[in-house]
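K.L.:
Sequence plus predicted model, see below.
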Amino acid sequence: MSQKTRITVEATANASVAKVWKAWNTPADIMQWNTPDPSWHTPSSENDLKVGGKFKNRMEAKDGSFGFDFEGIYNTVEPYKEITYTMADGRSATTIFTAQDDKTIIETTFDPENENDPEFQKQGWQAILNNFVKYVETNN
């Protein structure tokens, strides 16, 4: 099996790292921002944020045509700095939070899956990250 190049997406939020961390990890917040576009939603979210803890976000098309559980187990949880997890299919992802004055840089690097074009995957993850930034900047 050939090793695929990992994909990285990044955005900067005009919010403190504490606010970003809370919105990133709180199920009620996750259900508000975890979507690549308005035709999708996250009707449920569970998050046990600790090493060995599990998360599960149900992602669905609003028209009911498609849905899936995005889930995994945490490998690294360093508050306000880093989260690494292994997804149900064995791929891994790492998100780094970097405080810079009163802004936070959020960078996620992940292993691509084999079904969809890597550029399509990057666009999807970037769209979700951009939606997160918009959410965290406009909600307290």
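P.N.:
Now that the structure is in, tell me what you want to look at.
K.L.:
going forward, measure contacts and count neighbours with C-alpha atoms only.
P.N.:
Will do.
K.L.:
Need the contact partners of the lengthiest helix in the chain.
P.N.:
Longest among the helix segments of the chain by residue count, using DSSP state H, is helix 118-138. For helix 118-138, the external contacting residues (CA atoms under 8 Å, 6 or more residues apart in numbering) are 7-15, 19-20, 23-24, 32-37, 112.
K.L.:
now stretch 44-57
P.N.:
25-28, 30-31, 42, 58-59, 69-77.
K.L.:
Give the PyMOL command for selecting the buried subset of those.
P.N.:
Typed into PyMOL, the line below selects the buried ones among those, using 16 or more other CA atoms under 10 Å:
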select buried, resi 25+27+30+31+42+58+59+71+72+73+74+75+76+77
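K.L.:
Longest strand in this protein, please.
P.N.:
With DSSP state E setting the assignment, residue counts place strand 67-78 as the longest strand in the chain.
K.L.:
ok, which stretches of this structure are helices?
P.N.:
Going by DSSP H, the chain shows helices at 17-25, 27-33, 118-138.
K.L.:
Any chance of those in JSON lines with distance to Thr84 as columns?
P.N.:
Listed next are these as JSON lines, based on distance: least, CA to CA, whole Å:
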{"stretch": "helix 17-25", "distance to Thr84": "13"}
{"stretch": "helix 27-33", "distance to Thr84": "17"}
{"stretch": "helix 118-138", "distance to Thr84": "16"}
